[in-house]
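Asks: for reference, the sequence and a predicted model appear below.
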Amino acid sequence: MSKPKGFEKPTGFRDYTPHVVSKLRMIERNVLECMERWGYRQIITPTIEYYDTVGVASSTSDRKLFKLLNSRGTTLVLRSDLTAPIARVVSSMLKDEQLPLRLSYHANVFRSIEEEAGREAEFFQTGVELVGDDSPEADAEVVALAIASLQAAGVSSFKIAMGHMGFLNGLLEEVIPGQTAEQEQLKEGLLGRDYVGYRQSIEALNLEPKLKEQLEAILRLRGGKEVCTHAVELSSSAEAAQSIAHLCAVFEVLEAYGVSEHVLIDLTMIGDFSYYTGMTFEGYAAELGSPVCSGGRYDNLLQQFGRSLPATGFALKTNRIIDGVHGIVIEEKKTILIQYSPKRRAEALTEAARLRSMGLNVVTLLLPEDGAGASAVSAGATTVQAEQVITYGSEEEGGR
């Protein structure tokens, strides 16, 4: 293997130029402030965690974890999401705090991409976790907050697709009871949006026509509140009925929030079926075909850390918003250039400090001693993109 060149970096990692960093920081600031107004407090967890705790609890598949060894030979991982680390903290350092807990975060996460084209191995997530409340109100709160957060991030046109794991579980157990492998295959088709493959899997089951129609009908269960009625008619499973009742209750709360126009019910939406246990959702921006946020209920995670609590949350896919959404407006501060001769250095730097204390951006430039004040002003202007130039000293020490 050839030695990398000096300017090369590992596949899947990127450099952030000043303009992109401005977008990132704007999203971070605006979204975290939005979350704070909803009562969510920010938390920061380590970049590196133990594989045997956070690593195995993560929703990320084992092959996509970045693993390393410490000096004692213990396997560590770079965090692949924030939900599992926060679950660890909630089960330990925050175990005496009053429930429900509302926590927010913004951090970089790492996932091995095996050099997949166009995929990033390090990216940023901004999100929340609501722990200790299993009600429809809690699920609706995180969906409504996801909508507010997308708007705060500059995403003006989007849709939230909302489903429920329990409905699909109940339907599959009703139609093909006990056939775990076949159920998993059908879920894989829905998870990957491979509807052709989903139908082929149904055909391979050799079911009677009525049962085939039941499984195929889920592909048509997308739309508004009326989907709940059609779903109840499709399955007699108690689990499916209970799940639909919960999802309809969530939608009713979203109507009360006044945000239901952004939401559609899609019962093919299952999220990571090995991780989520109830309501799941994804947000799609008009400019992008891939999700800009995702979330849902994961009631089984915290018990892996010794504390059995319900939880729900979401994460914005911040990098996708930075790169693909065009509604982000960067507020550029004006820059003032103060240039000065050596004899007036103290005076100029005092003025620079005064202007900075007022919140202004100030850059300073020492003028050459050989005079030519006008040419120095020109040179300074090309060196710094300044809206205003103040000069202390000029030809013959006239100046300001």
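Replies: Perfect, I can see it now.

Asks: ok, and Glu239, which helix or strand is that part of?
Replies: helix 238-257 (DSSP states H and E).

Asks: give me the buried positions along that helix.
Replies: Across helix 238-257, burial judged by 16 or more other Cβ atoms under 10 Å covers 239-241, 243-244, 246-251, 253-254, 257. Bear in mind the C-beta positions are built from the backbone N, C-alpha and C, glycine included.

Asks: closest to Arg320 out of those residues?
Replies: Checking the buried residues of helix 238-257 against Arg320 by Cβ to Cβ gives Leu254 as the nearest, at 23.4 Å.

Asks: next one, pLDDT for the closest residue to that closest one other than its chain neighbours please.
Replies: Closest residue in space to Leu254, ignoring its immediate chain neighbours: Ser260 at 4.6 Å, by Cβ to Cβ, 6 or more residues apart in numbering. Note for Ser260: predicted pLDDT of 95.

Asks: ok so, going back, quick one: distance of the helix holding Glu239 to the chain centre.
Replies: 24 Å (Cα atoms, centre = their mean, to the nearest Å).

Asks: now swap in stretch 324-336 and tell me
Replies: When C-alpha coordinates are averaged (Cα atoms, centre = their mean), stretch 324-336 and its chain have centres 21 Å apart.

Asks: then that stretch to PDB, C-alphas only?
Replies: Output in PDB follows, covering the C-alpha atoms of stretch 324-336 (Å, rounded to 0.1, in the frame of the first residue of the first chain):
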ATOM      1  CA  GLY A 324     -28.300  19.900   0.400                       C
ATOM      2  CA  VAL A 325     -30.700  22.400   1.800                       C
ATOM      3  CA  HIS A 326     -30.700  25.900   0.300                       C
ATOM      4  CA  GLY A 327     -32.700  27.800   2.800                       C
ATOM      5  CA  ILE A 328     -29.800  28.400   5.200                       C
ATOM      6  CA  VAL A 329     -28.900  32.100   5.400                       C
ATOM      7  CA  ILE A 330     -25.600  33.000   6.900                       C
ATOM      8  CA  GLU A 331     -25.600  36.300   8.800                       C
ATOM      9  CA  GLU A 332     -22.300  37.800   7.800                       C
ATOM     10  CA  LYS A 333     -20.900  40.300  10.200                       C
ATOM     11  CA  LYS A 334     -19.200  43.300   8.800                       C
ATOM     12  CA  THR A 335     -15.500  43.400   9.100                       C
ATOM     13  CA  ILE A 336     -13.600  46.600   9.900                       C
END
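
Asks: tell me which helix or strand in the chain has the weakest average pLDDT.
Replies: The helix or strand of the chain with the lowest confidence, counting by mean pLDDT, DSSP states H and E, is helix 373-383 at a mean of 48.

Asks: I'd guess Val109 is in a strand, am I close?
Replies: Yes. Per DSSP: H, G, I helix; E, B strand; the rest coil, Val109 lies within a strand segment.

Asks: tell me which stretches of the stretch 151-300 of the chain form helices.
Replies: 165-175, 180-191, 195-203, 209-217, 226-234, 238-257 (DSSP state H, counting those that start in this stretch).

Asks: what sits against Lys67?
Replies: Listed by Cβ atoms under 8 Å, 6 or more residues apart in numbering, the contact set of Lys67 reads 51, 55, 75-77.

Asks: partners of it in the sheet?
Replies: Applying DSSP bridges to Lys67 gives these bridge partners: Val77.

Asks: show me the shaky parts of the stretch 51-200 of the chain.
Replies: 114-118 (pLDDT under 70).

Asks: repeat that for 90
Replies: 58-64, 112-121, 156, 168, 173, 175, 177-180, 182-184, 187-195, 198 (pLDDT under 90).

Asks: likewise the stretch 251-400 of the chain?
Replies: 268-276, 286-290, 323-334, 368-387, 393-400.

Asks: and the gap between Asp62 and Tyr198?
Replies: With the distance defined as Cβ to Cβ, to the nearest Å, Asp62 ends up 26 Å from Tyr198.

Asks: more neighbours, those two?
Replies: Neighbour tally, Asp62 and Tyr198, criterion other Cβ atoms under 10 Å: the higher count belongs to Tyr198, 22 against 12.

Asks: burial count for the closest residue to the more buried one other than its chain neighbours?
Replies: Nearest-residue entry for Tyr198: Gly189, 3.4 Å, with adjacent residues in sequence omitted and distances by Cβ to Cβ, 6+ apart. By other Cβ under 10 Å, the residues close to Gly189 number 18.

Asks: report the contact partners of Gly189.
Replies: 195, 197-198, 201.

Asks: isn't Ile44 up against Ser104?
Replies: No. The criterion here is Cβ atoms under 8 Å, and Ile44 misses it with Ser104 at 10.5 Å.

Asks: quick one: which of the two has more around it?
Replies: Neighbour totals were compared for Ile44 and Ser104, and Ser104 leads with 24 against 11 (other Cβ under 10 Å).

Asks: mind jotting down where the strands sit in the stretch 201-350 of the chain?
Replies: Here the stretch 201-350 of the chain has its strands, by DSSP state E, counting those that start in this stretch, at 222-223, 263-266, 279-285, 291-297, 311-317, 335-340.

Asks: now render these as CSV, adding distance to Val31 and mean neighbour count.
Replies: CSV is the format used below for the strands of the stretch 201-350 of the chain (distance: least, Cβ to Cβ, whole Å; neighbours: other Cβ atoms under 10 Å):
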stretch, distance to Val31, mean neighbour count
strand 222-223, 28, 14
strand 263-266, 19, 23
strand 279-285, 13, 24
strand 291-297, 10, 24
strand 311-317, 7, 25
strand 335-340, 26, 22
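
Asks: would you turn those strands into a markdown table with distance to Pro4?
Replies: Compiled in a markdown table, the strands of the stretch 201-350 of the chain are given as follows (distance: least, Cβ to Cβ, whole Å):
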| stretch | distance to Pro4 |
| --- | --- |
| strand 222-223 | 47 |
| strand 263-266 | 44 |
| strand 279-285 | 35 |
| strand 291-297 | 33 |
| strand 311-317 | 29 |
| strand 335-340 | 36 |
